[in-house]
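K.L.:
Got a sequence here, can you build the structure:
(chains A and B)
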Amino acid sequence: MVNTGEKTVVIRNLVKKFGDFTAVDNISFDVSKGEIFGFLGANGAGKTTAMRILCCLSHPTSGEGTVAGLDILTEQEKIKKRIGYMSQKFSLYPDLKVWENIELFGGIYGLTDKQIAQKTESMLKALSMENTRDMFVRDMPLGWKQKLAFSIAMVHDPQIVFLDEPTGGVDPVTRRNFWELIYEAASKGVTVFVTTHYMDEAEYCDRVSVMVDGRIEALGSPAELKKQYNASDMDGVFTKIAGRAERE
Amino acid sequence: MKEVLAFIRKEFKHIFRDKRTILIVLVMPVVQIVLFGFAISTEVHNAVVDVVGDMTDPSVRRIVNSIDANEYLEIGEILPSGAMVESRIRKGKAKAAVCFEKDFDRHLKADGRASVEIIGDGADPNSAQIVTSYIKGVISSEQLSISSSSTRGGVSMRPNVQLMYNPAMNSSYNFVPGVMGLILMLICSMMTSVSIVKEKELGTLELVLVSPVKPFWIILSKLTPYLALSIINLASVLLLSRFVMDVPMNGSLALLLLVSIIFIGSSLGLGLLVSVISSTQQTAMMLCGMGLTMPTMMLSGLIFPCESMPAALQLFSDIIPAKWFIIMVKKIMIQGVGVSAIVKELSILTGMMVFLLWISIKNFKTRL
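P.N.:
You can find the predicted model right below:
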């Protein structure tokens, strides 16, 4: 359900410097409502830094942009209410039970007790985890934790969800399962912004951008990029583009 | 506000689910107080003193009676000869012995001098010193009153040495305020910093920071449970010291609580500061253990009096919040002074609290 008319993320000339080091070097792109936008790049290419700016965890050195129609420089507090975030480290509270994690994040995002109760029910049902309600999160298999973390990132019905390498450390089947959730969210009109370095995941995206040395070197649908770089799969595309990197 | 409450509730769950932590936090103060109170006691209570001498001798009887009347000394056995003194002391049955020479009274009356020997148990030098000085005090006052009554019109000069506030040199008067300072600082700084750094390690801190809850409220809800725990600890230490250690509570309880809250605030600030600097739990533990606890133990006056430190160390001890807290607690609990007597210490500690909280909250924000 990609609606190309409505842009949920608009980024222009974004730069982030740490001292002399330019982590993000003048990037610009748009993401449409309901689009699954992949952010690819080798380790240290600047993916996470760029994403942190969009999530208002960090200020850009220069450049401008909007997220959910709100200015990333001046309307950070409003943006935070409309986005969901799941980080590359699996991050729910291991010593809290499943329902307590849901309750906590529901509470943090200002949901009422009634809304939290409803969300808990529908979320556990959708994940077929009704029986794990009282389980401590630390006792769950990694694949389940990631699904739960994704659902909790969506607890407040955000317009955009940012996933920072959400499926690290799990097998391709579990990854595929996880992507079912992403597709479902996108079909409801949620914009999904995902960083990854698994090339099979890149194939699942509507559009991908490849970052090299802080710059966006390529941007397009997987099919377009494969054609453009004359490669049979995204792996080939990535190797050709990332091979230009000058920094490790 | 609801957001913050959800957060505080979660923080309490972290604490209560970690059985080891809760055990350490709630039992440690009790253990510390008992340890310092009974194991490391330097005070003297009913020390048994044996006597070697002739009890029919009037001057000997007089001195022995006044030793017995002393509330910290107690007469044990009257031994016929000095040979038995050693075995009694070695067996721990007596702390000291007083040996009067033969014909003590006659020598005293005729020559104006008679010899008496005090034997103490040097294996326990601290209490031996205290016991022997008590005995010396008794004898010299008796000696003076005997000599003044025999030579009429002579000067009656009683050495009247009295220790203000702590006549028994009760060591709990010193260690209770010290241990209070140490425990509050340890719990506030170590627990807070470890709990924050743990969230950094887990990655949950990032998740929380991306939420609409402002960093200031996150910090506040992190600190609240530890503030509550510290107040419970404060209460248990105070109850123990009042009813088990018999430390008096001469001043105002409200003032003591105010001072404690300010001290807890500065310790929470220190904990926050540690959590800003360190990125792993080990680092945080090391920083709290070596960087905060050791200097506090050594330099706050808990073990070594600040007055007898070299000038450079005294300057260093001035920047330790616990020092000022301990001074104030002693003044309030034992001397029973009011707020006017602790204005200087109170304002120094308040300044430290404001500075520590301000600098750590400021840096906490920029680090995210």
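K.L.:
What parts of chain B come near chain A?
P.N.:
By the rule Cβ under 8 Å from any Cβ of the partner chain, the part of chain B lying against chain A is B:2-3, B:5-7, B:9-10, B:13-14, B:17-18, B:202-204, B:206-214, B:368. For every residue, glycine as well, the C-beta is placed using N, CA and C.
K.L.:
ok, which stretches of the stretch 1-150 of chain B are strands?
P.N.:
Using DSSP state E, counting those that start in this stretch, the strands found in the stretch 1-150 of chain B span residues B:47-52, B:73-79, B:96-100, B:116-120.
K.L.:
In CSV, list these along with mean pLDDT and mean neighbour count.
P.N.:
Rendered in CSV, the data for the strands of the stretch 1-150 of chain B read as follows (pLDDT from 0 to 100; neighbours: other Cβ atoms under 10 Å in any protein chain shown):
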stretch, mean pLDDT, mean neighbour count
strand B:47-52, 87, 22
strand B:73-79, 86, 17
strand B:96-100, 85, 23
strand B:116-120, 81, 18
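K.L.:
I'd like these as TSV, with distance to residue A:81 appended.
P.N.:
Listed next are the strands of the stretch 1-150 of chain B as TSV, based on distance: least, Cβ to Cβ, whole Å:
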stretch	distance to residue A:81
strand B:47-52	72
strand B:73-79	75
strand B:96-100	77
strand B:116-120	76
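K.L.:
Which one of these lies nearest to residue B:30?
P.N.:
Nearest to residue B:30, of all the strands of the stretch 1-150 of chain B, is strand B:47-52, at 28.2 Å by Cβ to Cβ.
K.L.:
how many neighbours does the residue in the stretch 1-150 of chain B that chain A sits nearest to have?
P.N.:
Closest contact between the stretch 1-150 of chain B and chain A, by Cβ to the nearest Cβ, is at residue B:6 (2.7 Å). Per other Cβ atoms under 10 Å in any protein chain shown, the neighbour tally for residue B:6 reads 23.
K.L.:
Likewise for residue B:261?
P.N.:
The burial count for residue B:261: 14, using other Cβ under 10 Å.
K.L.:
before we move on, back to that, would you agree the residue of the stretch 1-150 of chain B closest to chain A is in contact with residue A:102?
P.N.:
No. In this structure, residue B:6 is not within contact of residue A:102 by Cβ atoms under 8 Å, at 11.1 Å.
K.L.:
Just the buried ones from the residues of chain B next to chain A, in ChimeraX syntax?
P.N.:
In ChimeraX, the members of those classed as buried (16 or more other Cβ atoms under 10 Å in any protein chain shown) are selected with the following command:
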select /B:3,6,7,10,13,14,202,203,204,206,207,208,209,210,211,212,213
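K.L.:
Could you check how far the residue in chain A that chain B sits nearest to is from residue B:221?
P.N.:
Scanning chain A for proximity to chain B using Cβ to the nearest Cβ identifies residue A:107 as nearest, at 2.7 Å. Residue A:107 is 11 Å from residue B:221, where distance means Cβ to Cβ, to the nearest Å.
K.L.:
Residue B:24 now?
P.N.:
Separation of residue B:24 from residue B:221 (Cβ to Cβ): 22 Å.
K.L.:
Kindly report the same for residue B:123.
P.N.:
Per Cβ to Cβ, residue B:123 is found 55 Å from residue B:221.
K.L.:
quick one: which of these two has more around it?
P.N.:
When residue B:123 and residue B:221 are compared for neighbours, residue B:221 comes out ahead with 20 against 10, by other Cβ under 10 Å.
K.L.:
Distance-wise, check that one relative to chain A.
P.N.:
Distance, residue B:221 to chain A, by Cβ to the nearest Cβ, to the nearest Å: 10 Å.
K.L.:
pLDDT score assigned to the residue lying closest to that residue once chain neighbours are set aside?
P.N.:
Closest residue to residue B:221 apart from its sequence neighbours, by Cβ to Cβ, 6 or more residues apart in numbering or on different chains: residue B:7 at 3.9 Å. For residue B:7, the pLDDT comes out at 87.
K.L.:
Residue B:7 against residue B:219, yeah?
P.N.:
No. With contact defined as Cβ under 8 Å, residue B:7 does not count as touching residue B:219 (10.3 Å).
K.L.:
residues shared between the contacts of residue A:107 and residue B:221?
P.N.:
residue B:7 (Cβ atoms under 8 Å, 6 or more residues apart in numbering or on different chains).
K.L.:
Each with direction, which strands does the one helix or strand residue A:193 maps to pair with?
P.N.:
In the assignment (DSSP states H and E), residue A:193 maps to strand A:191-196. Sheet pairing of strand A:191-196 (DSSP bridges) gives strand A:36-41 (parallel), strand A:160-164 (parallel).
K.L.:
Near residue A:22, how many other residues are there?
P.N.:
Counted with other Cβ under 10 Å, residue A:22 comes out at 17.
K.L.:
That one pairs with what?
P.N.:
residue A:17.
K.L.:
and residue B:219, how many neighbours?
P.N.:
By other Cβ under 10 Å, 20 other residues sit near residue B:219.
K.L.:
Tell me which of the strands of the stretch 1-150 of chain B lies nearest to residue B:272.
P.N.:
That would be strand B:47-52 among the strands of the stretch 1-150 of chain B, by Cβ to Cβ, at 48.8 Å.
K.L.:
other SSEs contacting the closest one?
P.N.:
helix B:58-69, strand B:73-79, helix B:85-90, strand B:96-100, helix B:125-150 (3 or more Cβ pairs under 8 Å, 6 or more residues apart in numbering or on different chains; DSSP states H and E).
K.L.:
Could you dump the ones you listed into CSV with distance to residue A:122 added?
P.N.:
Listed next are the helices and strands packed on strand B:47-52 as CSV, based on distance: least, Cβ to Cβ, whole Å:
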stretch, distance to residue A:122
helix B:58-69, 84
strand B:73-79, 78
helix B:85-90, 81
strand B:96-100, 81
helix B:125-150, 71
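K.L.:
most tightly surrounded among those?
P.N.:
Mean neighbours per residue, mean count of other Cβ atoms under 10 Å in any protein chain shown, is largest over these for strand B:96-100, with a mean of 23.
K.L.:
So the nearest residue in space to residue B:11 that is not next to it in sequence, which state does it fall into?
P.N.:
Nearest residue to residue B:11, sequence neighbours excluded (Cβ to Cβ, 6+ apart): residue B:225, at 4.6 Å. Per DSSP: H, G, I helix; E, B strand; the rest coil, the secondary structure class of residue B:225 is helix.
K.L.:
Could you measure from residue B:225 over to residue B:25?
P.N.:
For residue B:225, the distance to residue B:25 (Cβ to Cβ) stands at 10 Å.
K.L.:
Next, show the common contact partners of those two.
P.N.:
Common contacts of residue B:225 and residue B:25, defined by Cβ under 8 Å, 6+ apart, comprise residue B:15.
K.L.:
right, and residue A:226 touches residue A:240 too?
P.N.:
No. Contact criterion Cβ under 8 Å: residue A:226 and residue A:240 do not qualify, at 10.5 Å.
K.L.:
gap between the residue in the stretch 101-250 of chain B that chain A sits nearest to and residue A:23?
P.N.:
In the stretch 101-250 of chain B, the residue that lies nearest chain A is residue B:203 (3.3 Å; Cβ to the nearest Cβ). According to Cβ to Cβ, residue B:203 and residue A:23 sit 19 Å apart.
K.L.:
Please apply the same query to residue B:73.
P.N.:
Distance, residue B:73 to residue A:23, using Cβ to Cβ: 77 Å.
K.L.:
Check residue A:225 too.
P.N.:
Applying Cβ to Cβ, one obtains 24 Å for the distance of residue A:225 from residue A:23.
K.L.:
Please identify which of those two sits among more neighbours.
P.N.:
residue A:225 (24 against 21).
K.L.:
residues touching residue B:278, list them.
P.N.:
Residue B:278 sits in contact with B:193, B:197, B:284, B:287, where contact means Cβ under 8 Å, 6+ apart.
K.L.:
Mind doing that once more with 10 Å?
P.N.:
B:193, B:194, B:196, B:197, B:200, B:284, B:285, B:286, B:287, B:288 (Cβ atoms under 10 Å, 6 or more residues apart in numbering or on different chains).
K.L.:
Cool, thanks, talk later.
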